[in-house]
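Visitor: predicted structure and sequence below. I'll ask about it afterward.
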Amino acid sequence: MKKYLLFLFIIPMLGFSIHKYYLALTEIEYKPETQSVQMIMNVFMDDIEIAINKDYILNLQLASKDEPKNVDEYFFNYLKEHFKISINNQEMNYKYIGKEYNGDIIFFYLEIDNVSEVKTIEIQNDILTKHFSDQKNLIKAKVNGDRKSLILTKKNDKGLLKF
């Protein structure tokens, strides 16, 4: 009887295959009290490791004893190339505040100072799309309590949010 129950449980499970999904999330929030735009981007560690290793011909081994001390330089250079933001039709430079590892996800902290108001946010985000054709980059923005979002892909890597 136990074998029969085990068989009934395992057979339906074989119909499901493990499928990796490719999604990065960028949360953007305008802070009027500090006149800054704060961004938190999270990506899967193994995916960005592959992308940076291929793009820069490296052998990064993130979150290991062999991780280079200057890994933040590689991260920031990669982000600058693949994540661009314009506010009110003006391309903005952001500061790289740092990163944090949490399990298999890396959180990047970015900030733009001296922003007196936000009417539009235009994003170009092709993070990881060169190496993962199914990559989706979800953008969620909050400006003065108003929330907007969009999904960017390899074929459509730009979007405009109006507030």
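Guide: Alright, I've got the coordinates. Numbering: from 1, shown residues only.

Visitor: what residue is smack in the middle of this structure?
Guide: Among the residues of the chain, the one closest to the centroid is A24, at 3.7 Å (CA atoms, centre = their mean).

Visitor: who does that one bridge with?
Guide: N137 (DSSP bridges).

Visitor: in the chain, where is pLDDT below threshold?
Guide: Residues of the chain meeting the criterion pLDDT under 70: 1-19.

Visitor: hey, where'd the helices end up in it?
Guide: Remark: helices assigned in the chain by DSSP state H are 2-14, 45-56, 71-82.

Visitor: the second one versus helix 71-82: what angle between them?
Guide: Computed with axes from the mean of the first three to the mean of the last three CA atoms, to 10 degrees, the direction of helix 45-56 lies at 80 degrees from that of helix 71-82.

Visitor: show residues contacting helix 45-56.
Guide: The contact list for helix 45-56, computed with CB atoms under 8 Å, 6 or more residues apart in numbering, reads 22, 58-63, 74-75, 77-78, 101, 104-106, 127-128, 130-132, 135. C-betas here are computed from N, CA, C, even on glycine.

Visitor: which of those are buried?
Guide: Y22, L60, L62, Y74, F75, Y78, I106, I127, L128, F132, Q135 (16 or more other CB atoms under 10 Å).

Visitor: farthest pair within the residues you listed?
Guide: Y22 and Y74 (20.2 Å; CB to CB).

Visitor: please report how far N77 lies from D113.
Guide: 21 Å (CB to CB, to the nearest Å).

Visitor: got the residue ranges for the strands in this structure?
Guide: Secondary structure of the chain (DSSP state E): strands at 23-31, 36-44, 83-87, 90-92, 95-102, 105-112, 120-125, 136-143, 146-152, 158-162.

Visitor: select, out of these, the one closest to K69.
Guide: strand 95-102 (13.3 Å).

Visitor: tell me what that closest one is packed against?
Guide: helix 71-82, strand 105-112 (3 or more CB pairs under 8 Å, 6 or more residues apart in numbering; DSSP states H and E).
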